[in-house]
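# Would you be able to build a 3D model of this:
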Amino acid sequence: MNTLLTPEIKEVMGAVHYRPAVSVIMPFEPKMNLKYGLTHSLKIAADKVELELLENYPDGKGLLVIKKLRGIMSELNYDTHKKSIAIFVSPVFEKVLYLDIAVEEKIIVDESFEIRDLVYCKKQLHKYLVLLLCGKESRTYLGNSNDFVRIVSNTPESLHAYLTEPPEKVANFSDAQSRKEMQTDKFLQHIDHALDIILNAYHLPLFVLGAERILGHFKKLTKHSSAVVEYIHGNYEEATLPELKALLQPHITDWKKVNQTDLLNQMEEAEGKKKLAVGVRDVWRQAMNHKGRLLLVEKNYMYAAQKAGSDGMIYKPTEPYNKFSYIKDAVDDVMEMVLENGGDVEFVDKDELKDFHHIALLLFF
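Sure thing, here's the model as predicted:
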C-alpha cells in the first residue's frame, strides 16, 4: 500500500498560499552516504534556490525564505533511516519531512505546495520479472539495476512432473504429437497458475522468454497477459545469469517505455473487468467512495473546478452548485484522496489517455 500521504504531508498541502513557496525534494540517506557529501548537495540546492529567489523576489521576501531554508538545512537529523527529505518553506510556513520513498532531486519555487510535485519526484526503480520458458522446464527471475536472482516456486518447474504418457511406444505419430501438445499446455497452465502468487507479491512488469512455439502456447492460455510488457523469442535454456541480464538490458534501457506499457496494460485489464473509472467526474466520484487503487493521469493535466458540499460532485465555475469550497485543481484533490485511501498515483505522457479523457482510475478488485 502507498503511504505517501501522511498527516504531515496533508499539513503541508493545507498551508496558506504565500509567495514565494519553496519545495526542495532530494535523496537523503545518512546511513548509506557520508555526511560531507550530503551537506555539499544541500548547499548546492540552497544556492540554486537563493539565485532564483533574489532574481524574482528582490523585495526582502526572498531573503527571508532563504534564511529559513538554510536554517532548516543546518539542523537536519543525520540519524534518520529514511530515504529522502522534502523541505517546504514560505514566509509564513516551514516544514521538513523525512520520507520512506526514493526520489529524484527537485526544486520548485511557486505560490503553494502541490501534491503532484511529490508524485513527480518518486524515483522509478528498475525492477522487473522474467519468466524463462524452455521445452522441458521454466525459471522465474527478479531483476533490477544491480541484481538478477532466481525466484524459487513451490510449483514443479520441470515438464517431467506433468508427463502422463504410458511407457509403451505410441505407434501413431499424430497421436503422439497431440499428446505432447496436451502435456505442454498442462505444464504451462501450472506455470501460469504459479504466476498468480508471484505477481501478487511483486506487482512488476513481466518479460517472457522462450522459443516461438512454446511462447505461442503460453500466449493462448495465460491469464496474465496484462502483466507481460514484452515477449522475447529465442532458445535461452543454457543461458547463464550474466547472459540473461545482458539479454534484457536493451529491453529495459528505455525504462519509461517499459513502465508506461505496464501501466496501460493494467488499465486494459481493469477495463475488461469493469473496474475502471475514466474522466475527471467519474474518477472523482469513485475516489470519494474510497475505491481507487491506481490513478493514471497525463502529465500537466489539470481541471479547475469547484465542489458542491451537498452531493459531493465537482463543478466548473460556470456550472450551478450549492455550498462549495474552492479547489485550485480537482486533479490534485483526487490525487490526495487516492493516496490517503491506500492507492497509488502514476503519470503518463500527454495524449496517452486521450480516449479516456486524460485521467483514469483503476478500482480495487
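# Distance from stretch 117-132 to the middle of the chain?
With C-alpha atoms, centre = their mean, to the nearest Å as the basis, stretch 117-132 stands 6 Å off its chain's centre.
# Show the end-to-end separation of that stretch, please.
38 Å (C-alpha to C-alpha, to the nearest Å).
# Pull out the buried positions in that stretch.
Residues of stretch 117-132 classed as buried by neighbour count (16 or more other C-beta atoms under 10 Å): Asp117, Leu118, Val119, Tyr120, Cys121, Lys122, Lys127, Tyr128, Leu129, Val130, Leu131, Leu132. Yep, even glycine has a C-beta here, placed from its N, CA and C like the rest.
# next one: stretch 226-236
Neighbour count says stretch 226-236 has Ser226, Ala227, Val228, Val229, Glu230, Tyr231, Ile232, Tyr236 buried, by 16+ other C-beta under 10 Å.
# and what of stretch 38-46?
Buried residues in stretch 38-46, defined by neighbour count with 16+ other C-beta under 10 Å: Leu38, Leu42, Ala45, Ala46.
# next helix or strand past the helix or strand where the first one lies?
Applying DSSP states H and E as the criterion places Leu38 in helix 35-56. In the C-terminal direction, the helix or strand that comes right after helix 35-56 (DSSP H and E) is helix 61-74.
# same question for that next one, mean pLDDT?
What helix 61-74 shows for mean pLDDT is 94.
# Same question for stretch 237-253.
90.
# Only alpha carbons, please: show stretch 336-351 as PDB.
Output in PDB follows, covering the C-alpha atoms of stretch 336-351 (Å, rounded to 0.1, in the frame of the first residue of the first chain):
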ATOM      1  CA  GLU A 336      -4.800  13.300  -2.300                       C
ATOM      2  CA  MET A 337      -7.900  11.200  -1.900                       C
ATOM      3  CA  VAL A 338      -6.400   8.200  -3.700                       C
ATOM      4  CA  LEU A 339      -3.200   8.300  -1.800                       C
ATOM      5  CA  GLU A 340      -5.000   8.900   1.500                       C
ATOM      6  CA  ASN A 341      -7.000   5.700   1.000                       C
ATOM      7  CA  GLY A 342      -4.100   3.500   0.200                       C
ATOM      8  CA  GLY A 343      -3.900   3.800  -3.600                       C
ATOM      9  CA  ASP A 344      -1.100   5.000  -5.800                       C
ATOM     10  CA  VAL A 345      -0.600   7.700  -8.500                       C
ATOM     11  CA  GLU A 346       1.400   7.500 -11.700                       C
ATOM     12  CA  PHE A 347       1.800   9.900 -14.600                       C
ATOM     13  CA  VAL A 348       1.800   9.000 -18.300                       C
ATOM     14  CA  ASP A 349       2.800  11.100 -21.300                       C
ATOM     15  CA  LYS A 350       0.400  13.600 -22.900                       C
ATOM     16  CA  ASP A 351      -2.400  12.100 -25.000                       C
END
